[in-house]
Structure formats: C-alpha cells, structure tokens
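Asks: Quick one, fold the following:
(chains A and B)
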Amino acid sequence: ETGVTQTPRHLVMGMTNKKSLKCEQHLGHNAMYWYKQSAKKPLELMFVYSLEERVENNSVPSRFSPECPNSSHLFLHLHTLQPEDSALYLCASSLHGTSNYGYTFGSGTRLTVV
Amino acid sequence: DAKTTQPNSMESNEEEPVHLPCNHSTISGTDYIHWYRQLPSQGPEYVIHGLTSNVNNRMASLAIAEDRKSSTLILHRATLRDAAVYYCILSGARGGATNKLIFGTGTLLAVQP
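Replies: Next comes the predicted model:
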C-alpha cells in the first residue's frame, strides 16, 4: 500500500458505458495527477490538479473528464471510450510548488474497452 | 522540459552492484534529478532524488557528476525483486508552478539468479 488508493483495480467497459475511476490519498499532498500507460509506451501525463484547480490538460480528448472535489480525492469520468483507450490509468500525488519532493503513485486501474 | 537519455536495457547478477547511467546534458540549475522504478503490473515507485550532492537512502545511492550533466543510480546488491524499469527524470518547479514528472522509456533491468 503506497498511500495512494485507486479503485477499481480492473474495469471492463463497453464503448457506450459511463464509468468513473477514483483516486484517494491522505498523505497531506495538495497536487494530484492522472497518467495513462498504454502497452509498450511511456507514461503520458493527462491532467494536473494543484490546490484543487486543474492547471494542465495535455490535449486529452473530452471523453475523459477529471474532477478534483478536494485535495484528497481525484476522479476520472469516462464516457464513450474507444478500444484504443484501453490502458493502465495511474494516479499520483505530491506537494505543490517544489521539485524537492517525490511523487507517490497508486497501483493503477487496468481499463479494457470492448 | 529537459531530456534524459538512458540505455534501453541492462542485465545484472543477483547480489552484485548495479550502476544505471543517465545523461542529462541540458539540465538547468534548478532541476532536480529524480529516479523512479516500475515493477511489473504496478505504479512507479520513488527511489531517490538529488540536486548537486550525492545522496544515499535505504534503497539506493545517487551519484551526480560535478557538471550535473549525468548521474548514476547505484543498487548496492541487486536482488530478483529489483528487476524493473528504472526512470531518470528531471524535475524543476519554476515560479511556484506545480512540479511535473515527464517519463521517458527508462532502463529495463533484468536480474539473473
């Protein structure tokens, strides 16, 4: 257990479904991130939230919609996904405004779109 | 974001030291050097980070070149559980902006018994 909890661990969804991924941390961090890791590819940074505000959206399609209701929780809402969106989705948290601090990652949600 | 270069893969024998190199010739003065590793089917795990001086912790040591254009992650005695992808990442939060970690392809370390 890393201190960053992601649920569910595995998710299979159809292209017309709507689902949400959840991330929770109680490490006192105030920045949270969503990454996507497709097979044989590096991790791609999707969204950055700092102090509960979205500060970065790296050209992610609108079928992915993040939400950060407070500094401990982060959601990724999914709708009308495509099979190529199948990947490992990773959440991470850290402290805002300093490079002298590491990220803590969750174990990820393995998403399969059928 | 400043770029790092790592070998695609390395092999080691169990209980021997491992030196994982990383080149970062365009590093800026405020960039920290971070190392993470990712075991199969898991999220990345923080290993160590430093700015200018060499650093040691319970997992590894980080040796930073005097000109900071390269660094080496040292695992003192490799175990089978150290088999993972190791990422060297430069991170600099400027002007109070949120720190970002941009991952490359890393080095796949295989450990032979």
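
Asks: what ranges do the strands span in chain B?
Replies: Taking DSSP state E to define them, one finds strands in chain B at B:9-13, B:18-23, B:32-38, B:45-50, B:55-56, B:61-64, B:70-75, B:84-91, B:107-112.

Asks: okay, those strands in CSV with distance to chain A, mean neighbour count and mean pLDDT next?
Replies: Where C-beta positions appear, they are placed from N, C-alpha and C, glycine not excepted. Compiled in CSV, the strands of chain B are given as follows (distance: least, C-beta to the nearest C-beta, whole Å; neighbours: other C-beta atoms under 10 Å in any protein chain shown; pLDDT from 0 to 100):
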stretch, distance to chain A, mean neighbour count, mean pLDDT
strand B:9-13, 13, 14, 97
strand B:18-23, 15, 19, 97
strand B:32-38, 4, 23, 95
strand B:45-50, 4, 20, 95
strand B:55-56, 11, 15, 96
strand B:61-64, 12, 19, 98
strand B:70-75, 14, 20, 98
strand B:84-91, 4, 23, 94
strand B:107-112, 11, 17, 97
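
Asks: in stretch A:50-65, what's buried?
Replies: The neighbour-count criterion (16 or more other C-beta atoms under 10 Å in any protein chain shown) identifies A:50, A:60, A:64 as the buried residues of stretch A:50-65.

Asks: Name the SS class of the residue nearest the centre of chain A, please.
Replies: Among the residues of chain A, the smallest C-alpha distance to the mean C-alpha position (C-alpha atoms, centre = their mean) belongs to residue A:34, namely 3.0 Å. For residue A:34, the reduced secondary structure class is strand; criterion used: DSSP: H, G, I helix; E, B strand; the rest coil.

Asks: I am finished for the moment; much appreciated.
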